[in-house]
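# Below are the sequence and a predicted model; questions follow.
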Amino acid sequence: MRALHTSARAERQADRISAGRTASLPTLRVASQAATWLAGAIFLAPFLLFFLNTFKDKSHIFDAFYMPDLTDLSNYRTMLRNTDFFASLSLTVVICAVTLFFIVLFSSMAGYIISRSERRWIKWMYALFAAGQIIPAQSSMLPLYKLGVATHLINTPVFLIIIYVAGGTAFASLFFAAFTRTIPQALEESAFIDGCGRYQTFFRIILPLLRPATATIVTTTVYWYWNDFQGPLIYLNAGKVAPLMMSVYKFMGANATVDWGPVYALCFLSAIPMILFFLLTQKYLLKGLVVGSVKG
């Protein structure tokens, strides 16, 4: 009898604990949702202020609580009238697209060879790529500038693309090498048996399987090239058409006193493509990171 009484009391206590946990679940859910909305508001507040500043005049540009007339597009008209925005946008898109194309092409091939070859000099190449990550980019600015002057490529988009590709290939090669090691070599052996050569095997079998890694490389590096100011300032300062970040710099420096409304408008229009790109590709970025972490 005592054992039955003890068992019944334990069951009642377990029921009370379970009921307490069930009752606390809605409270936890509401609290987590409130915290999510609060965090979202904190992150969106600067962007909202940034957007509103594109409509403000000089007298209210530093008033964070002033609500401007959202139908007044005078700042945008001033900006478009005094800048070559669409030419700068086109140049920036071309630079980013060509740079990423060659980085993906060269790095995927280098990563494939590094991950599959057993030759000693290939292993040294891997160590060289890894060591290149610790060298500051600033240490090579002067030699690269002199090289651009000597080859008559300075102040041309081609030279800037070459520098971008050379600087981004090392890390991307290491990333592709790590991802290629997760691909079974049996697929390549089957391709060799079917008569495919090394290049056919790579472009028909390996490269399509590297899509998650390619998406990760593209989505994590495109923002750097899009927002880069240091490179165009040094190597493309006197070009006929400036990239977007240089366009913002020159637009600010063209006036003795900065009119921040048109400057905000130029910055906002320059940021829209990357915002849209992130919204459209974030799932591929997350997929690439998850797949790499699980397989690695």
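Structure's in. What do you need?
# helix or strand for the residue nearest the centre of the chain, which one?
Nearest to the mean C-alpha position of the chain, counting by Cα atoms, centre = their mean, stands residue 220 at 3.0 Å. Assessed by DSSP states H and E, residue 220 sits inside helix 211-227.
# Give me the distance between that helix and the centre of its chain.
Offset of helix 211-227 from its chain centre (Cα atoms, centre = their mean, to the nearest Å): 5 Å.
# other SSEs contacting it?
For helix 211-227, the contact count by 3 or more Cβ pairs under 8 Å, 6 or more residues apart in numbering; DSSP states H and E identifies helix 85-116, helix 157-180, helix 260-295 as packing neighbours. The way it works is simple: take the backbone N, C-alpha and C, and place the C-beta from them, glycine included.
# Sort out which residues of whichever helix or strand comes after it are buried, please.
Scanning forward in sequence from helix 211-227, with DSSP H and E defining helices and strands, the next element found is helix 230-235. Applying a neighbour-count criterion of 16 or more other Cβ atoms under 10 Å, the buried positions in helix 230-235 are 231-232, 234-235.
# Please identify which helix or strand holds the closest residue to residue 82 other than its chain neighbours.
Taking Cβ to Cβ, 6 or more residues apart in numbering as the measure, residue 82 lies nearest to residue 251, with 6.7 Å between them; neighbours along the chain are not counted. For residue 251, the host element (DSSP H and E) is helix 244-253.
# what's the closest residue to residue 236 other than its chain neighbours in contact with, if anything?
Using Cβ to Cβ, 6+ apart and skipping the chain neighbours, the partner closest in space to residue 236 is residue 160 (5.2 Å). With contact taken as Cβ atoms under 8 Å, 6 or more residues apart in numbering, residue 160 is in contact with 95, 231-232, 235-236.
# Report pLDDT for residue 79.
Note for residue 79: predicted pLDDT of 90.
# Distance to residue 241 and mean pLDDT added to the helices and strands packed on helix 211-227, as a markdown table?
Shown next, in a markdown table, are the helices and strands packed on helix 211-227 (distance: least, Cβ to Cβ, whole Å; pLDDT from 0 to 100):
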| stretch | distance to residue 241 | mean pLDDT |
| --- | --- | --- |
| helix 85-116 | 5 | 93 |
| helix 157-180 | 8 | 91 |
| helix 260-295 | 14 | 79 |
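# Can you say which of those helices is packed in most?
Among those, judged by mean count of other Cβ atoms under 10 Å, the one packed with the most neighbours on average is helix 157-180 (a mean of 21).
# ok now that helix, how far from the chain's centre?
Going by Cα atoms, centre = their mean, the spacing between the C-alpha centre of helix 157-180 and its chain's C-alpha centre is 14 Å.
# Grab the CA positions of it and hand them over as PDB.
What follows is the C-alpha trace of helix 157-180 in PDB, where atoms were taken according to Å, rounded to 0.1, in the frame of the first residue of the first chain:
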ATOM      1  CA  PRO A 157      39.300  48.500 -65.400                       C
ATOM      2  CA  VAL A 158      41.300  45.600 -66.800                       C
ATOM      3  CA  PHE A 159      44.100  46.200 -64.300                       C
ATOM      4  CA  LEU A 160      41.700  46.500 -61.400                       C
ATOM      5  CA  ILE A 161      40.100  43.200 -62.400                       C
ATOM      6  CA  ILE A 162      43.500  41.500 -62.600                       C
ATOM      7  CA  ILE A 163      44.300  42.700 -59.100                       C
ATOM      8  CA  TYR A 164      41.000  41.500 -57.800                       C
ATOM      9  CA  VAL A 165      41.400  38.000 -59.400                       C
ATOM     10  CA  ALA A 166      44.900  37.600 -58.100                       C
ATOM     11  CA  GLY A 167      43.900  38.600 -54.600                       C
ATOM     12  CA  GLY A 168      40.800  36.500 -54.400                       C
ATOM     13  CA  THR A 169      42.100  33.300 -56.100                       C
ATOM     14  CA  ALA A 170      44.100  32.000 -53.100                       C
ATOM     15  CA  PHE A 171      41.300  31.800 -50.600                       C
ATOM     16  CA  ALA A 172      38.800  30.500 -53.100                       C
ATOM     17  CA  SER A 173      41.300  27.800 -54.200                       C
ATOM     18  CA  LEU A 174      41.600  26.600 -50.600                       C
ATOM     19  CA  PHE A 175      37.900  26.600 -50.200                       C
ATOM     20  CA  PHE A 176      37.300  24.600 -53.500                       C
ATOM     21  CA  ALA A 177      40.100  22.200 -52.500                       C
ATOM     22  CA  ALA A 178      38.400  21.400 -49.200                       C
ATOM     23  CA  PHE A 179      35.000  21.000 -50.900                       C
ATOM     24  CA  THR A 180      36.400  18.800 -53.700                       C
END
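# Fine by me, we can end here.
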